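In: sequence? don't have it. structure:
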């Protein structure tokens, strides 16, 4: 049994900064997380299937993406440590996921099964509040990104990505970043070539 | 020939592809175009040419491996892998540690100098991801049974386990060449 405590300590730091739990609730909440790890390019959630877990990334980069039968692909969200991951809408709505969740680098997580999480949300107001806050922040992030996609130039979107995640160019193949930003590969390369290294 | 446990070979292959991907993602894809296209100090291949050379092999082997895997029967992954005599010979010749000799590139695998540098790096990364996905799929097949015709002559067919090792050794060889060049070009 791997030692959970360093991961749980990270989880607690993140939660304390957002919406701290009572000791009692933390004890119950922290007991539902299990260690999980995956190598590069492992699909954790398949489109069409339920999302069974809430993930908390401790290492690595992951993405949520759309992919259809016409091979249309859209990288929607990157997740990396320390943050929550998984296809949250499918998880909360208990509906089939419309998206895939996959690792882009070798990754280490804690994850909690929705069947363990749901009873805590229903019986503990502070846990419910924490989850509501988490989902709302995720919504904020999505709305902000919509603004950028609809109003920013390609170059400004590129710069904004680097401001937010300075190391991502060294961690993720550029094709995923270009897809996320809605920039074609040739233009993305031009931005790279102009950068000072 | 020595045998190796199936899971152990898969693990080794995955780890080596992982390292190659990390090198390409961490540094090669972020280099300026000028550095990627600059010929080696001895007049040899540029970094982009090293990768393009590997891409031409990927173009041949990846579809072969894909169809080999598609036509394979699922098997218990417990059968240990044993290289054929010829497979072991080719791998040893290609591994940078055991094959110090230089070879001339075969026709069809000689890279042009005027490459689209970033597209070449991107294609290399794409091919490494594809190779990795085939190694993952190979977890549930017998690596001794699938045979892949080699690029220089379709008359010779090597075991998939040998083909994986050969390709990865070849990748390693030319990535080392690219990085040797990179360290002297700055």
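Out: Done, it's in. Given the structure is predicted, the values throughout are model-derived calculations rather than measurements.
In: quick check: which ranges of the chain have low pLDDT?
Out: No chain in the question, so chain A it is. Segments of chain A classed as low confidence (criterion: pLDDT under 70) are A:1-4, A:196-197.
In: please go with chain B instead
Out: Applying pLDDT under 70 to chain B picks out residues B:1, B:77, B:182-186.
In: next up, phi/psi of the closest residue to chain A within it, please.
Out: Per Cβ to the nearest Cβ, the residue of chain B with the smallest distance to chain A is residue B:118, at 3.6 Å. Glycine gets a C-beta too; all of them are placed from N, C-alpha and C. Its backbone dihedrals place residue B:118 at phi -70, psi -40, with angles given as degrees, to the nearest 10.
In: now do the contacts for the closest residue to it other than its chain neighbours.
Out: Leaving aside its sequence neighbours, residue B:118 sits nearest to residue A:189 (Cβ to Cβ, 6 or more residues apart in numbering or on different chains; 3.6 Å). Residues touching residue A:189, when contacts are defined by Cβ atoms under 8 Å, 6 or more residues apart in numbering or on different chains, comprise A:174, B:33, B:118-119.
In: farthest pair in those?
Out: A:174 and B:33 (13.4 Å; Cβ to Cβ).
In: so what sits against both of the two?
Out: Taking Cβ under 8 Å, 6+ apart as the contact definition, residue A:174 and residue B:33 share the neighbouring residues A:189, B:118.
In: which of the two has more neighbours?
Out: residue A:174 (22 against 17; other Cβ atoms under 10 Å in any protein chain shown).
In: dump the residue contacts of residue A:53.
Out: A:36, A:44, A:86, A:91, A:111-114.
In: so what touches stretch B:150-160?
Out: In this structure, residues lying in contact with stretch B:150-160 by Cβ under 8 Å, 6+ apart are B:57, B:60-61, B:65, B:68-69, B:81, B:83-84, B:86-87, B:90, B:106, B:109, B:138, B:141, B:143-149, B:163, B:166.
In: got the buried residues for that stretch?
Out: Buried residues in stretch B:150-160, defined by neighbour count with 16 or more other Cβ atoms under 10 Å in any protein chain shown: B:150-151, B:157-160.
In: and the end-to-end length of that stretch?
Out: 10 Å (Cα to Cα, to the nearest Å).
In: quick check: closest non-adjacent residue to the spatially most central residue of chain B.
Out: Residue closest to the average C-alpha location in chain B (Cα atoms, centre = their mean): residue B:167, at 3.1 Å. Closest residue to residue B:167 in three dimensions, ignoring its sequence neighbours and counting by Cβ to Cβ, 6+ apart: residue B:61, at 5.8 Å.
In: what residues does chain A have near chain B?
Out: By the criterion of Cβ under 8 Å from any Cβ of the partner chain, the positions of chain A lying close to chain B are A:39-42, A:106, A:169-175, A:185-186, A:189, A:192-193, A:195, A:197.
In: mind listing the helices for the chain?
Out: Here I'm looking at chain A. Taking DSSP state H as the test, the helices found in chain A are A:5-18, A:23-30, A:88-93, A:114-123, A:125-151, A:154-164, A:168-171, A:174-181, A:185-194.
In: right idea, wrong chain: chain B
Out: Across chain B, reading from the start of the chain, the helices by DSSP H fall at B:6-26, B:33-37, B:47-70, B:85-94, B:117-137, B:160-184.
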